[in-house]
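> Sequence plus the predicted model coming up.
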Amino acid sequence: KVLAFIELRKFNDATHTLAVINRYFPEQLRNQELISFLNIQSGQGISESRYGASAFPKSEKKMDNYIHNKTVAVVGPAPNDLKSGGEIDKKDTIIRFNYRGVASLPPEKESGKRTDIAYQNGPNARAYMSESVPGYMHDLGLYNIEVVLSEALSKDIEHSLARQQSAATGGRVQLLSHTMMAVPTVLFDILHYAPSTITLYNCNFYLSPTPYTSAYSQHKGKGSRQQNMSKLSLYRLHELLWAHDLITQIRFVRNLHLSGVISVDAECKKVLDLPDHAYMAQMEKLFSFTSSFHDRIVIENDESGDKK
C-alpha cells in the first residue's frame with residue numbers, strides 16, 4: 001500500500017500509512033527502507049543517505065569520489081536524434097549500462113565518447129568470472145556489477161574480482177536479485193552518494209521500434225559471445241518488455257523528475273509526460289499481438305527448435 005501511494009505521488013498518504021505502521025511495528029527494518037524510498041522519490045532527505053560515508057569500504061569510497069557533489073550523466077542505450085554527445089561529455093561523471101568497449105557505444109555525437117562508470121547486468125556479470133579482467137574494463141574508473149541473479153553468483157564474482165584486483169581498475173559487487181529495472185536501480189543507487197545533479201539521457205522506456213542502438217550488446221552464454229540487442233526476435237522482445245515492469249519504471253523516474261531530483265533529455269521527457277494509459281496505448285500499437293506476430297513466433301520457434 002505504501003509503495004502504491006509513492007508510485008502515484010500520494011506522498012501524504014504514504015507518510016500517514018508509514019506512521020501507522022511504525023506505531024504498531026516500530027522495530028521493523030522494512031519501515032526505514034520505505035521511509036528512505038519515500039524521501040528519495042519526494043525529493044527529501046537525499047543528503048542524509050551518505051551517513052557513515054567515512055566508513056565506506058574501498059570500492060564505496062571510489063564510488064563516492066566519482067558521484068558526491070558531481071554532475072552526473074546516466075546514459076541509456078536507446079536510439080534518438082538529439083545529438084547530446086557534447087553535452088554528455090561535459091559532465092563530471094558519465095555512467096553507462098553494459099559497457100563492452102568503445103565499439104559498444106553509439107555514435108559520439110549522439111552519446112558522447114567518455115565512460116567513467118559502467119553497470120553490468122546478470123548476463124554481462126558472468127564475463128568477470130574468467131581468469132583475467134575483460135580488456136575493455138581498463139577503459140573505466142569503476143565498474144559496478146549490480147543486477148546479478150543470485151547470491152551464489154554474487155559471491156563467485158566477488159572472489160574472481162578479488163583475484164584480479166592487481167590488473168583491474170576496481171570493482172564493486174552488490175546483490176539486487178530478480179530486478180530487471182536497470183534505470184531505477186542505477187538512479188536509486190547513485191542518489192545515496194548525493195550528486196550535485198543527475199541527468200538521464202537516451203532513455204525512452206522502449207517506446208521506439210528499435211529498443212537499443214545498433215552497437216549495444218550484452219554477454220551471452222560462455223566465453224566472449226555477444227548478443228546484438230537491437231536485433232531481438234519478436235518473442236524475445238515481448239519477453240523483455242514484460243520482464244521490465246514498464247509502468248513501475250516510468251513512475252519511479254517520473255517522480256524523481258517532477259520532484260526536481262533529476263533532469264532528463266527531451267525524448268525521455270516526452271515519454272514521462274504521457275499518462276500511463278496513453279503510454280501503454282502507444283506501446284500496444286508499436287508492439288501489438290497480431291496474427292502475423294503469432295505466425296512469426298511459430299516460424300522462429302520451428303527454426304530454432306525452441307519449444308517455448
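Received the coordinates, thanks.

> Let me know how buried Phe11 is, in neighbour terms.
18 (other C-beta atoms under 10 Å). Every residue, glycine included, has its C-beta placed from N, CA and C.

> hey, where'd the helices end up in the stretch 201-308 of the chain?
Using DSSP state H, counting those that start in this stretch, the helices of the stretch 201-308 of the chain run over 234-243, 246-258, 266-272, 276-286, 291-304.

> and the third one, which residues are buried?
In terms of neighbour count (16 or more other C-beta atoms under 10 Å), helix 266-272 has its buried residues at Glu267, Cys268, Val271, Leu272.

> pLDDT averaged over that helix, what's the number?
Averaging pLDDT along helix 266-272 gives 96.

> name the helices or strands packed onto it?
helix 246-258 (3 or more C-beta pairs under 8 Å, 6 or more residues apart in numbering; DSSP states H and E).

> switch the cut-off to 10 Å
If you count contacts as 3 or more C-beta pairs under 10 Å, 6 or more residues apart in numbering; DSSP states H and E, helix 266-272 packs onto strand 197-201, helix 246-258, strand 263-264, helix 276-286.

> Burial-wise, tell me which of those comes out on top.
With neighbours taken as mean count of other C-beta atoms under 10 Å, the helices and strands packed on helix 266-272 reach their highest mean count in strand 197-201, at a mean of 21.

> And the buried residues of helix 266-272, which is closest to Asn255?
Asn255 has its nearest neighbour among the buried residues of helix 266-272 in Leu272, at 9.7 Å by C-beta to C-beta.

> any idea what sits nearest that closest one, other than its immediate chain neighbours?
Closest residue to Leu272 apart from its sequence neighbours, by C-beta to C-beta, 6 or more residues apart in numbering: Arg254 at 4.7 Å.

> do you know how far that neighbour is from Leu200?
With distances taken as C-beta to C-beta, to the nearest Å, Arg254 is found 11 Å from Leu200.

> what is in contact with these two at once?
Val264, Cys268, Lys269, Leu272 (C-beta atoms under 10 Å, 6 or more residues apart in numbering).

> for the spatially closest residue to the first one that is not a sequence neighbour, what are its contacts?
Leaving aside its chain neighbours, Val264 sits nearest to Leu200 (4.6 Å; criterion: C-beta to C-beta, 6+ apart). In this structure, Leu200 makes contact with 72-76, 95, 183, 186-187, 253, 256-257, 262-265, 268-269, 272, judged by C-beta under 10 Å, 6+ apart.

> can you check Ile21 too?
Lys1, Val2, Gln28, Arg30, Asn31, Leu34.

> switch the cut-off to 6 Å
Asn31 (C-beta atoms under 6 Å, 6 or more residues apart in numbering).

> mind checking which helix or strand it is in?
For Ile21, the element it lies in under DSSP states H and E is helix 11-24.

> May I see the buried residues of the following helix or strand past that helix?
Counting by DSSP H and E, the next helix or strand C-terminal to helix 11-24 is helix 29-42. Neighbour counts over helix 29-42 (16+ other C-beta under 10 Å) mark Asn31, Leu34, Ile35, Ser36, Phe37, Leu38, Asn39, Ile40, Gln41, Ser42 as buried.

> now stretch 3-21
Phe5, Ile6, Glu7, Arg9, Phe11, Ala14, Thr15, Thr17, Leu18, Ile21.

> Just the C-alphas of that stretch, formatted as PDB.
In PDB, the C-alpha atoms belonging to stretch 3-21 read as follows (Å, rounded to 0.1, in the frame of the first residue of the first chain):
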ATOM      1  CA  LEU A   3       4.600   1.600  -2.400                       C
ATOM      2  CA  ALA A   4       1.400   2.200  -4.400                       C
ATOM      3  CA  PHE A   5       0.900   5.600  -2.700                       C
ATOM      4  CA  ILE A   6       4.500   6.600  -3.500                       C
ATOM      5  CA  GLU A   7       4.200   5.500  -7.200                       C
ATOM      6  CA  LEU A   8       1.100   7.600  -7.500                       C
ATOM      7  CA  ARG A   9       2.800  10.600  -5.800                       C
ATOM      8  CA  LYS A  10       0.300  10.400  -2.900                       C
ATOM      9  CA  PHE A  11       3.200  11.300  -0.500                       C
ATOM     10  CA  ASN A  12       1.000  12.500   2.300                       C
ATOM     11  CA  ASP A  13      -1.000   9.200   2.300                       C
ATOM     12  CA  ALA A  14       2.300   7.300   2.200                       C
ATOM     13  CA  THR A  15       3.600   9.200   5.200                       C
ATOM     14  CA  HIS A  16       0.400   8.700   7.200                       C
ATOM     15  CA  THR A  17       0.400   5.000   6.400                       C
ATOM     16  CA  LEU A  18       4.000   4.600   7.500                       C
ATOM     17  CA  ALA A  19       3.300   6.500  10.700                       C
ATOM     18  CA  VAL A  20       0.500   4.000  11.500                       C
ATOM     19  CA  ILE A  21       2.800   1.000  10.700                       C
END
